[in-house]
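Asks: the following comprises the amino acid sequence and a computationally predicted model.
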Amino acid sequence: MTAEPASILPDRVRRSLRRWRRRGGAPSIVVAVSGGGDSVALLRAMHAVAPGLGIALSVAHLNHGVRGEQADRDERFVAELAEALGLPIDLGRWHPERPGHFEADARRARYGWLVAVAGRRGAGAVAVGHTRDDQAETVLHRIVRGTGPRGLAGIPRRRRLAEGLELIRPMLDASREEARAFLDALGQPWREDPSNDDRSRTRARIRHEILPVLAGLNPKVAEALVSLARSERETVALADERVVELARRVREDAEPGTIAFRRDRLAALPPGARAEVVRLAWRRLGWPEGGMSSARWRRIAALVRSDRGRHAIGAGIDLVLSADQARLVPAAGVPAPLPPPPASLPIPGKVRWGGLTITSALDPPPELPSDERIDRDAVDPFDDGSGPHLLIGPALPGDRFAPLGMGGKSMPVADFLRGRRVPPADRGLVPVVRDRRGLIWVVGHRIADRVRRTDQTRRILALLADPEGPGP
């Protein structure tokens, strides 16, 4: 008997969420909703199955501000849908600042904002609406661009966004056709983004031109690409264990925002292992991999054995070779790579972020090193059930804080860093620490006025930022 369209998608989503919960997934999820068909279908399906799984939902929508009134209508549509479903919603706005870097900057802003939203909501996951079709398109896109086993592994079902927070894709086993059939059965409208049909974009050409041609040769080509991704993920998981071990042997201390290897040890590895070690370090630093094809990784591996000097390798990164070291650094005149996503800082505890180890200590002895000592009772930490914690990450668009010594006057973080003479290209790499109420520390610069110690301070929270060691 053929299942009804209204039940296929919820059943797939229910199975996915049940697996996630069995692995210890937290019972609160933020659903990222753009207003498009896939994300609306995800929200409606999760809303249908969440009560039976003991999961609480909230909705998040970020207006990217580049489509004018259409974007505003998308925002109103999502807000009205959340209200109709009785779900809380977070709305945010972002405006691009760097011409020619929209995709990368928008992705950083979107995920950084979602991490902050999840922290405020005490959520353990952010759910996004990628489907089986997105998986097939991603794998084919990477084949066209040039890739290896890792690229062929496609979109992961889940990945870490921050400490204690995962990005999950409950619809990855469902097709786009099933999502649309589900919405049609409910009579649920959605918003269309015209850019999805823009044939000047590679992804749109793959969806509307290349995949239909391949389907003429194999009607199940999408399923074949998805099966390929599943097989390659298993291969990559086994290889990763060995790569981590090799990386520990060849990494060296480096300046923040750069990567350094002991050149002789890196050069002694086989070319494929060399490329994977570099790629692991690249990913750990949070640099974007979107512009890196397998040919570029192989080129880096080959250049390690070349003459000393500086070599442009693409993606805004140069390889600098000396007698003893191979270093990856931002290219001159090119915007710095994007910082890693936000991470949770336990109170007390420590976390690694962007070349630093950030530590928090309660009521430390006077001799304990620290950069700042603040009033613990003035801090409003996040707490999702795993214990109180702060978030560390890049400043988000629109972030403000009242620096110590400014009489409580609030200002944009960008203006504060400009006043501190931080170059524009470096401002996005300056870490900030935040609690539920906002920023409490611009690392390396100043704390917020509201967390300063006073005569009434009873408990002290010490904060320290140290350069990382040589580990991967």
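Replies: Thanks, I have the structure now.
Asks: strands along the stretch 201-350 of the chain, start to end?
Replies: 251-252, 259-262, 309-314, 317-321, 325-330, 343-346, 349-353 (DSSP state E, counting those that start in this stretch).
Asks: repeat for the stretch 351-472 of the chain
Replies: Secondary structure of the stretch 351-472 of the chain (DSSP E, counting those that start in this stretch): strands at 356-362, 372-375, 389-394, 400-401, 411-412, 431-435, 438-442, 446-447, 460-467.
Asks: and the longest helix for the protein?
Replies: helix 221-250 (DSSP state H).
Asks: is it possible to export the strands of the stretch 201-350 of the chain to a markdown table including mean neighbour count and mean pLDDT?
Replies: C-beta coordinates here come from the backbone N, C-alpha and C atoms, glycine included. Listed next are those as a markdown table, based on neighbours: other C-beta atoms under 10 Å; pLDDT from 0 to 100:
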| stretch | mean neighbour count | mean pLDDT |
| --- | --- | --- |
| strand 251-252 | 20 | 88 |
| strand 259-262 | 21 | 91 |
| strand 309-314 | 14 | 84 |
| strand 317-321 | 19 | 89 |
| strand 325-330 | 20 | 90 |
| strand 343-346 | 23 | 88 |
| strand 349-353 | 19 | 85 |
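Asks: returning to what we had before: can you give me the buried ones in the longest helix of the chain?
Replies: 221-222, 225-226, 228-229, 232-233, 236, 243, 246-247, 250 (16 or more other C-beta atoms under 10 Å).
Asks: spatially nearest residue to Asp363 (excluding sequence neighbours)?
Replies: Distances taken as C-beta to C-beta, 6 or more residues apart in numbering put Ile460 closest to Asp363, at 5.5 Å, once the chain neighbours are dropped.
Asks: and that neighbour, how many neighbours?
Replies: Look at Ile460: counted by other C-beta atoms under 10 Å, it has 16 neighbours.
Asks: the one 4 residues further on too?
Replies: Under the neighbour criterion other C-beta under 10 Å, Leu464 is assigned a count of 19.
Asks: is it true that it touches Ser370?
Replies: Yes - using C-beta atoms under 8 Å, Leu464 is in contact with Ser370, at 4.9 Å.
Asks: report the contact partners of Ala331.
Replies: 312, 316-318 (C-beta atoms under 8 Å, 6 or more residues apart in numbering).
Asks: over to Ile143?
Replies: Contacts of Ile143 by C-beta under 8 Å, 6+ apart are 151-152.
Asks: how about it, secondary structure?
Replies: helix (DSSP: H, G, I helix; E, B strand; the rest coil).
Asks: pLDDT at it, what is it?
Replies: Ile143 is assigned a pLDDT of 89 by the prediction.
Asks: repeat that for Arg169.
Replies: Looking at Arg169, the pLDDT reads 97.
Asks: likewise Ala41?
Replies: 97.
Asks: one more: Thr235?
Replies: pLDDT, Thr235: 83.
Asks: and it, how far is that from Gly151?
Replies: 12 Å (C-beta to C-beta, to the nearest Å).
Asks: what about the residue nearest to Asp363, distance to Glu75?
Replies: Distance from Ile460 to Glu75, by C-beta to C-beta: 42 Å.
Asks: pLDDT weak spots in the stretch 151-300 of the chain?
Replies: By pLDDT under 70, the low-scoring segments of the stretch 151-300 of the chain are 163, 256, 286, 288, 290-291.
Asks: now with 80, please.
Replies: Residues of the stretch 151-300 of the chain meeting the criterion pLDDT under 80: 161-164, 193-200, 237-241, 254-257, 283-295.
Asks: all helices of it, in order?
Replies: Using DSSP state H, counting those that start in this stretch, the helices found in the stretch 151-300 of the chain span residues 176-186, 202-205, 211-217, 221-250, 263-267, 271-284, 294-303.
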